[in-house]
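**Student:** Predicted coordinates and the sequence they were generated for:
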Amino acid sequence: MELKIRLENENEYRTVEKLTREAFWNIHVPGCDEHFYLHNLRNSDAFIKELDFVALYENKIVGHIAYSKANIVNADNLHNVIIFGPISVLPEYQSKGVGSALIKHSLEVAKSLGYKAVLIYGDPRYYSKFGFRCAERYDIKTPDGKYCVPMMALELEKDALSGVNGRLIEGFEFTPDEREFEKFDNEFPPKEKGKTASQEEFKILSSLKY
Ligand SMILES: CC(C)(COP(=O)(O)OP(=O)(O)OC[C@H]1O[C@@H](n2cnc3c(N)ncnc32)[C@H](O)[C@@H]1OP(=O)(O)O)[C@@H](O)C(=O)NCCC(=O)NCCS
């Protein structure tokens, strides 16, 4: 599958929000709010425009990845890191290498821009193949001070995370207003909410804190 990966243009924001909604619909919960997260993230100082990529197949946008700034904070120090997400691929183009291509490309660019480490919340079964390891290895915890199975870390520079420890604090905090969200979501085509097996898996995975 011949893909082109390039930076997203501002006039593509709505197309990409639609794509995000299609990708996440009923995956983690009935419906989804990742498109609203993305919409708000773009107005935040934490959003990294230089790492906002789309993947095109035959001139159609089929995938997207966004990054934001975050910090690992402890009593003595604050370390800058970056986070990616959401990452989305249109359902009909999934499992064809689009997600992998977006991750690999964006990680290379992030490294060339001087970013030292990437943290994510994701499924270890998918992200370990890109070199992500459990964040516990670096003594990095959630904001509430717990280790969490889906929190994973990747050093872009050797030993960038050695000796770094603390809580991961995202640069963009998402606390959606229910009414605002409903208004926003109504701008998209109607879709049926439903229960899926992936929602149960997600519930289990996100509860694996210790
Ligand atoms: C996750 C996602 C971005 C991956 O993109 P993709 O283009 O489908 O991925 P690739 O083609 O590069 O890799 C596909 C492989 O990863 C596996 N995979 C994808 N998501 C996975 C997950 N959450 N857990 C385990 N494996 C996963 C697929 O089963 C597939 O395996 P195969 O090659 O053995 O068939 C895409 O599937 C998607 O948009 N999913 C819905 C939204 C989502 O869950 N985003 C990530 C939230 S953390």
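**Tutor:** Perfect, thanks for sending it.
**Student:** got the residues of this structure near the ligand?
**Tutor:** The chain comes close to the ligand at residues 23-24, 27, 87-89, 94-100, 122-123, 125-126, as judged by CB under 6 Å from any ligand atom. The C-beta positions use only the backbone N, C-alpha and C, and glycine is treated the same way.
**Student:** Assign a three-state SS to the residue of the chain found nearest the ligand, would you?
**Tutor:** Residue of the chain nearest the ligand, by CB to the nearest ligand atom: G99 (2.2 Å). Under DSSP: H, G, I helix; E, B strand; the rest coil, the three-state class of G99 is helix.
**Student:** one step back: give me the buried entries from the residues of the chain next to the ligand.
**Tutor:** 23-24, 27, 87-89, 98-99, 122 (16 or more other CB atoms under 10 Å).
**Student:** Now intersect these with the strands, please.
**Tutor:** 87-89 (DSSP state E).
**Student:** Name the nearest residue to the residue of the chain closest to the ligand, sequence neighbours excluded.
**Tutor:** Leaving out its chain neighbours, the residue that sits closest to G99 by CB to CB, 6 or more residues apart in numbering is V89, at 5.1 Å.
**Student:** what do you get for G31?
**Tutor:** Nearest one to G31, counting by CB to CB, 6+ apart, is K193 at 4.4 Å.
**Student:** For the one you found, list the residues it contacts.
**Tutor:** 26, 30-31 (CB atoms under 8 Å, 6 or more residues apart in numbering).
**Student:** Type out the ChimeraX command that picks the buried ones from these.
**Tutor:** Only the buried entries of the contacts of K193 go into this ChimeraX selection, using 16+ other CB under 10 Å:
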select :26,31
